[in-house]
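1. After the sequence you'll find the predicted model.
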Amino acid sequence: SSTKLCEQDADAYLLLQEAHDEVMRNALAEVGGHEVDTEGDAFQCMFPNVVTSLLFCFKVQEDLLEYDWPPSVLALHECGIVKSTLHRNKYIWAGPRVRMAVHFARGGTYLAKSHPTTRRVAYGGTAWKTAMELSDVGHGGQILVSEEAWRHLTSLGEEGAAGFPIFEDLGRYQLDGEVPPMRLLQVSPARSSISEREFPTLRDVTMLDPGQGMNIVPSIDGKTALVCAIIEPSRFVHIIENFITVVGKRESSSNASDATMSWKNPMMAEGGEASSSPVSVPEYDSPVIISGMHERGRRDDESAESK
């Protein structure tokens with residue numbers, strides 16, 4: 001926690017805090033976000049869509065990782081360097097570990113009010129509370145995404161605009177008593193050492209259903225994404241065999257027309273038409289019903305909070 005870091009070395013923590021705030025505000029300016037409020041070392045921000053909020057989170061995590069931290073900061077608790085095992089000259093950890101959360105808010109699920117003197121806009125309501133609750137259950141360096149945000153992104157087919165990030169279904173959880181149960185996902189930028197990070201189970205929440213163990217990975221060619229649901233070790237070999245078969249068929253038919261392809265495109269929906277969302281997460285036995293999920297015609301806003 002920030003309190004522990006400050007108690008360990010107040011001067012080093014001051015340097016860390018200044019750099020953290022600089023990185024956050026530079027990222028907001030670059031991607032086009034709005035700083036709503038700050039509470040100590042926490043930022044509450046608003047974005048026009050899910051893609052922008054994810055790009056903001058990825059940039060903050062990458063910039064903190066690549067920042068030229070002084071030795072005094074790297075000596076703080078959990079701020080040391082951990083080298084990547086997959087990427088040359090890259091780090092998995094370096095500097096402060098900032099937890100972040102993204103939630104998609106539809107019109108009517110949040111409140112916005114302008115201060116009569118400062119004209120600064122303050123936010124509240126169910127969606128805003130949900131975003132704040134999400135930011136408290138993760139771990140430093142982890143980015144959580146609500147099911148509402150994930151479904152909005154995939155329904156519009158905007159994974160590519162966000163860089164084909166890697167999602168992992170963590171399960172369905174009960175957060176604070178005032179927030180309905182929801183499915184939570186973990187996200188990390190593709191082709192980044194950040195994807196090597198591992199985290200313990202979420203904090204201070206009750207799991208209602210386990211996650212499906214699904215990851216969305218960058219495409220090999222074109223817009224096709226490969227999805228691997230690792231259920232148990234005994235089935236992993238079968239998945240790899242199918243993967244190799246699909247890739248082999250793709251290479252052998254790369255020069256053929258779509259009408260003569262000898263294998264079925266995994267991204268095609270029934271009836272032969274391309275699906276707008278390449279990924280389908282299996283429903284739980286006790287599905288979460290989100291009111292207004294398919295609503296159209298209203299302005300959509302996205303809230304993200306980091307701590």
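-> Thanks, I have it.
2. helices or strands next to the strand ranked longest in the chain in the packing?
-> Counting by DSSP state E, the longest strand found in the chain is strand 166-174. Packing partners of strand 166-174 (3 or more C-beta pairs under 8 Å, 6 or more residues apart in numbering; DSSP states H and E): strand 182-188, strand 206-210, strand 214-216. Heads up, the C-betas are built off the backbone N, CA and C, glycines and all.
3. which of the residues in that strand are buried?
-> Going by neighbour count (16 or more other C-beta atoms under 10 Å), the buried part of strand 166-174 is 166-173.
4. ranking the helices and strands packed on strand 166-174 by burial, who's on top?
-> strand 182-188 (a mean of 22; mean count of other C-beta atoms under 10 Å).
5. Sheet partners, orientation included, of that one?
-> Strand 182-188 has these partner strands in its sheet, going by DSSP bridges: strand 143-146 (antiparallel), strand 166-174 (antiparallel).
6. any low-confidence regions in the stretch 201-307 of the chain?
-> For the stretch 201-307 of the chain, the stretches flagged by pLDDT under 70 are 214-307.
7. Which residues are in contact with the residue lying closest to residue 70 once chain neighbours are set aside?
-> Take residue 70 and drop its neighbours on the chain: the residue closest to it by C-beta to C-beta, 6 or more residues apart in numbering is residue 15, 6.3 Å away. The contact partners of residue 15, by C-beta atoms under 8 Å, 6 or more residues apart in numbering, come to 70, 72-73.
8. So residue 15 belongs to a strand, correct?
-> No - if the criterion is DSSP: H, G, I helix; E, B strand; the rest coil, then residue 15 is helix and not within a strand.
9. so how far is residue 65 from it?
-> 17 Å (C-beta to C-beta, to the nearest Å).
10. wait, what's in contact with residue 99?
-> The contact partners of residue 99, by C-beta under 8 Å, 6+ apart, come to 135, 138-144, 306-307.
11. how about those residues in TSV, adding secondary structure, distance to residue 123 and neighbour count?
-> Shown next, in TSV, are those (DSSP: H, G, I helix; E, B strand; the rest coil; distance: C-beta to C-beta, whole Å; neighbours: other C-beta atoms under 10 Å):
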residue	secondary structure	distance to residue 123	neighbour count
135	helix	14	21
138	coil	20	23
139	coil	25	16
140	coil	25	16
141	coil	26	22
142	coil	23	23
143	strand	20	26
144	strand	19	26
306	strand	15	23
307	coil	17	19
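12. which one among those gets closest to residue 89?
-> residue 141 (19.4 Å; C-beta to C-beta).
13. Could you look up the SS state of the nearest residue to the closest one once chain neighbours are set aside?
-> What sits nearest to residue 141 in space, not counting adjacent residues and going by C-beta to C-beta, 6+ apart, is residue 97, at 4.0 Å. With three-state DSSP as the basis, residue 97 sits in coil.
14. count of residues packed around residue 97?
-> Burial of residue 97 is recorded as 17 neighbouring residues (other C-beta atoms under 10 Å).
15. my read: it touches residue 138, true?
-> No - if you go by C-beta atoms under 8 Å, residue 97 and residue 138 don't touch, sitting 10.3 Å apart.
16. pLDDT (mean, whole number) over stretch 145-165?
-> On average, the pLDDT along stretch 145-165 is 91.
17. Name the residues of that stretch that are buried.
-> Buried residues in stretch 145-165, counting neighbours by 16+ other C-beta under 10 Å, are found at 145-154, 159, 162-165.
18. Let's see it as CSV, backbone CA atoms only.
-> Provided in CSV are the C-alpha atoms of stretch 145-165 (Å, rounded to 0.1, in the frame of the first residue of the first chain):
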residue,chain,number,x,y,z
VAL,A,145,-12.7,-5.2,-16.7
SER,A,146,-16.4,-5.7,-16.0
GLU,A,147,-18.5,-8.0,-18.1
GLU,A,148,-20.5,-4.9,-19.3
ALA,A,149,-17.3,-3.3,-20.6
TRP,A,150,-16.1,-6.5,-22.2
ARG,A,151,-19.4,-7.3,-23.9
HIS,A,152,-19.6,-3.7,-25.3
LEU,A,153,-16.1,-3.9,-26.8
THR,A,154,-16.7,-7.3,-28.4
SER,A,155,-20.2,-6.5,-29.6
LEU,A,156,-18.8,-3.7,-31.7
GLY,A,157,-15.9,-5.8,-32.9
GLU,A,158,-13.4,-3.2,-31.6
GLU,A,159,-10.8,-5.6,-30.2
GLY,A,160,-8.5,-4.6,-33.0
ALA,A,161,-8.7,-0.9,-32.1
ALA,A,162,-7.6,-1.8,-28.6
GLY,A,163,-4.7,-3.8,-30.0
PHE,A,164,-6.3,-7.3,-29.6
PRO,A,165,-5.8,-7.3,-25.8
